[in-house]
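Asker: Need the 3D shape of this:
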Amino acid sequence: MALLTGCAGTEELRAPSDRDLEYLQSLDEETLRSLDTDDDGLSDWAEMNEHNTDPLSADSDGDGLTDGEEINEYDTDPNNADSDGDGLEDGEEVNSYNTDPLNEDTDGDGLTDGEEVNEYNTDPLSADSDGDGLTDSEEVNEYGTDPNNADSDGDGFNDSQEIEMDTDPNDSNDPPFLKKGDLGTVNFNFDKSNIDKAAASILNKNIKKLMNSSKFRIRIDAYTDHVGGDQYNLRLSKRRAESVKQFYIENGISENRIESRGLGKAPQPCMDKTEKQGCRKNRRAESHPLNPYQYEPNN
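Answerer: Model prediction:
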């Protein structure tokens, strides 16, 4: 037992573990101002007469912060475990997530801190958890995309790029995309520009892909081998490019989707010199898809 000396003489003061509210209410103001029974940083007088907190409990609302921390340091409500009503207790915000216990949406992204932590597993300190250019709220509330995955549908375009391109960020087939190498190359016999059976088969496959990717245009680049003069081979390469172009047009590809170039002799002198076919790979027409979008897929 401790001794308290006051103007009325010497009185025995109960130890903190022996005090109850009725006992504290029996003490005078001066005594109460000198006591901090629950050791929370607030005097018993302040708890009982100013803050309406429990002088016998260091954490009146059970939120993980002492009443003294709430009053003196964080300006939170010591009688409300969740001062900002965001779904996270004040102690969680301060000690676990480093969020603002007085601001329900610390990062200002349109989702409360509690929604980010408890529902979406997003970062309550970053408005754009996956760094795709859309805020977490836009992803959740407007577009239905995954705020933790920059490319929700896995098509190589991030969600923000798809919104800009007016394509569906949740559909891996939108936009239908043709990458370099997706369209087959055709080859020609020596000094010929006609489309043979093998070339027709390749071009028909190209046409099917182009039909499924209607926004794409194509560029045809045609070449010759290195036999003969430059001017003759330039004219021959143009005839080859034109043959491929006409095949596309005759089989359903609009002329305004096609550009063609005859480029003369292929850059590499002979890509596949054989006794039978001699440099056939040089005698070719390449079909290059022309990206209509402002972005390239990242895969």
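Asker: Regarding this protein, what is its longest helix?
Answerer: helix 230-250 (DSSP state H).
Asker: Show me what that helix is packed up against.
Answerer: Helix 230-250 sits against helix 197-211, strand 217-224, strand 258-265, strand 284-290, with contacts defined as 3 or more C-beta pairs under 8 Å, 6 or more residues apart in numbering; DSSP states H and E. Yep, even glycine has a C-beta here, placed from its N, CA and C like the rest.
Asker: Next up, the contacts around the residue nearest to N98 when sequence neighbours are not counted.
Answerer: Excluding the flanking residues, the one nearest N98 by C-beta to C-beta, 6 or more residues apart in numbering is L125, at 6.5 Å. Applying C-beta atoms under 8 Å, 6 or more residues apart in numbering, we find L125 in contact with Y97, N98, T99, T106, D107.
Asker: how close does L125 sit to E119?
Answerer: Using C-beta to C-beta, to the nearest Å, L125 is found at 16 Å from E119.
Asker: Check R280 too.
Answerer: Taken as C-beta to C-beta, the span from R280 to E119 is 62 Å.
Asker: show me where pLDDT drops low in the stretch 1-150 of the chain?
Answerer: Along the stretch 1-150 of the chain, segments meeting pLDDT under 70 span 1-10.
Asker: which residues are in contact with stretch 228-243?
Answerer: 188, 191, 193-195, 220-226, 260-265, 283, 285.
Asker: Quick one, which of those are buried?
Answerer: By neighbour count, with 16 or more other C-beta atoms under 10 Å, those hold 188, 193, 195, 220-225, 260-265, 283, 285 as buried.
Asker: and for stretch 75-84, what are the contacting residues?
Answerer: With contact meaning C-beta under 8 Å, 6+ apart, stretch 75-84 is reached by 51-53, 60-63, 65, 67, 70-71, 88-91, 100-104, 113.
Asker: Sitting in helices, which of the residues you listed do you find?
Answerer: Residues from these lying in helices, with DSSP H as the criterion: D67, D90, G91, D113.
Asker: okay, the residues you listed in CSV with neighbour count and distance to L42 next?
Answerer: Output for the ones in helices among the contacts of stretch 75-84, formatted as CSV (neighbours: other C-beta atoms under 10 Å; distance: C-beta to C-beta, whole Å):
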residue, neighbour count, distance to L42
D67, 25, 5
D90, 26, 16
G91, 22, 17
D113, 25, 27
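Asker: Relative to G144, which of those residues is nearest.
Answerer: The closest of the ones in helices among the contacts of stretch 75-84 to G144 turns out to be D113 (C-beta to C-beta; 21.7 Å).
Asker: about what we covered before: so which of R280 and E119 has more stuff around it?
Answerer: Legend: neighbour count by other C-beta atoms under 10 Å for R280 and E119, higher for R280 (18 against 12).
Asker: The more buried one touches N187, doesn't it?
Answerer: Yes: the pair R280 and N187 passes the contact test of C-beta atoms under 8 Å, sitting 5.3 Å apart.
Asker: Look up the closest residue to the residue most central in space within the chain, ignoring the ones flanking it.
Answerer: In the chain, the centroid-proximal residue (C-alpha atoms, centre = their mean) is A150; its distance is 2.6 Å. Distance criterion C-beta to C-beta, 6+ apart; nearest residue to A150, sequence neighbours excluded, is D132 at 3.7 Å.
Asker: does that neighbour count as helix, strand or coil?
Answerer: Here D132 is coil, with the state taken from DSSP: H, G, I helix; E, B strand; the rest coil.
Asker: all strands for this protein, in order.
Answerer: 2-6, 9-13, 186-187, 217-224, 258-265, 284-290 (DSSP state E).
Asker: Take the ones you listed and lay them out in TSV including distance to P175.
Answerer: Below are the strands of the chain laid out as TSV (distance: least, C-beta to C-beta, whole Å):
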stretch	distance to P175
strand 2-6	79
strand 9-13	79
strand 186-187	26
strand 217-224	14
strand 258-265	20
strand 284-290	12
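Asker: Going by mean pLDDT, which of the ones you listed comes out lowest?
Answerer: Sorting the strands of the chain by mean pLDDT places strand 2-6 lowest, at a mean of 42.
Asker: ok so, going back, so the residue nearest to A150 sits right up against E162, yeah?
Answerer: No: applying C-beta under 8 Å, one finds D132 not in contact with E162, separated by 9.5 Å.
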